[in-house]
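Peer 1: What follows is a predicted protein model with its sequence.
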Amino acid sequence: MRRISYVSSATAAILLLIVAALAGCDGNGTGSNGENAPAPSAEKSAAGDNQKIGACGLVTQQDASKVMGKEAKKDESGNVVVDPAMLGECLWSYEYQYGSELIQFRIWGSDAYYSQMPGSQSFDIGDKGSITVSNAVGVDIEWVQDGKSYTLSYFTTGPDAPQAAARVEEVKALAKKVSGQV
């Protein structure tokens with residue numbers, strides 16, 4: 001079975017920024033002028049003194065299983081994000097014979113990573129929030145809280161998995177729970 005990994009529009013924009021930044025390097029960690037490029041800190045984000053956050057402590061296996069109605073498993077198939085402003089990530093999934101469910105939770109060290117997707121609706125969470133719901137795209141909740149951006153996405157694929165829009169209320173409840181913990 002071929003697995004599809006969901007990437008939000010905010011993530012796609014970030015990846016484009018990374019590619020653009022790398023275009024100025026020669027591939028050996030040096031810039032076009034031969035000077036060493038600074039290495040990103042493993043402990044601090046580009047936004048300042050923000051430390052890495054254990055995202056799976058905020059969206060737990062029990063939380064993901066409750067949304068899916070099945071026992072979620074830790075998912076290691078996500079895209080590698082090298083942006084030092086990403087403070088935490090957690091992925092949970094459930095595999096069917098012909099489909100899958102995925103919950104992706106990411107924390108960013110700046111409110112600049114908040115990106116209200118086209119067609120989204122306002123959602124009362126954090127300092128500002130939005131929700132996008134579609135069976136084709138899934139459920140995306142994005143919010144800003146205390147200067148950080150949070151994204152919680154639920155995505156399904158295949159005929160065995162439920163339609164993503166069928167889990168809107170469960171995803172909303174999980175986002176509210178997480179918001180109350182940060």
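Peer 2: Yep, that arrived. Numbers count the residues shown, from 1 in each chain.
Peer 1: okay, CA-based contacts and neighbour counts for the rest of this
Peer 2: OK.
Peer 1: What count of nearby residues applies to Glu71?
Peer 2: 16 (other Cα atoms under 10 Å).
Peer 1: what kind of secondary structure is the nearest residue to it once chain neighbours are set aside in?
Peer 2: What sits nearest to Glu71 in space, not counting adjacent residues and going by Cα to Cα, 6 or more residues apart in numbering, is Ser65, at 4.8 Å. The local conformation at Ser65, judged by DSSP: H, G, I helix; E, B strand; the rest coil, is helix.
Peer 1: State the distance from Ser65 to Phe123.
Peer 2: 23 Å (Cα to Cα, to the nearest Å).
Peer 1: Contact partners for Ala64?
Peer 2: By Cα atoms under 8 Å, 6 or more residues apart in numbering, Ala64 lies in contact with 71-72, 92-93, 103.
Peer 1: per-residue confidence for Lys128?
Peer 2: We have a pLDDT of 95 for Lys128.
Peer 1: element containing Tyr154, please.
Peer 2: Element membership of Tyr154 [criterion: DSSP states H and E] is strand 148-157.
Peer 1: Backbone dihedrals for Gly57, please?
Peer 2: phi -80, psi -20 (degrees, to the nearest 10).
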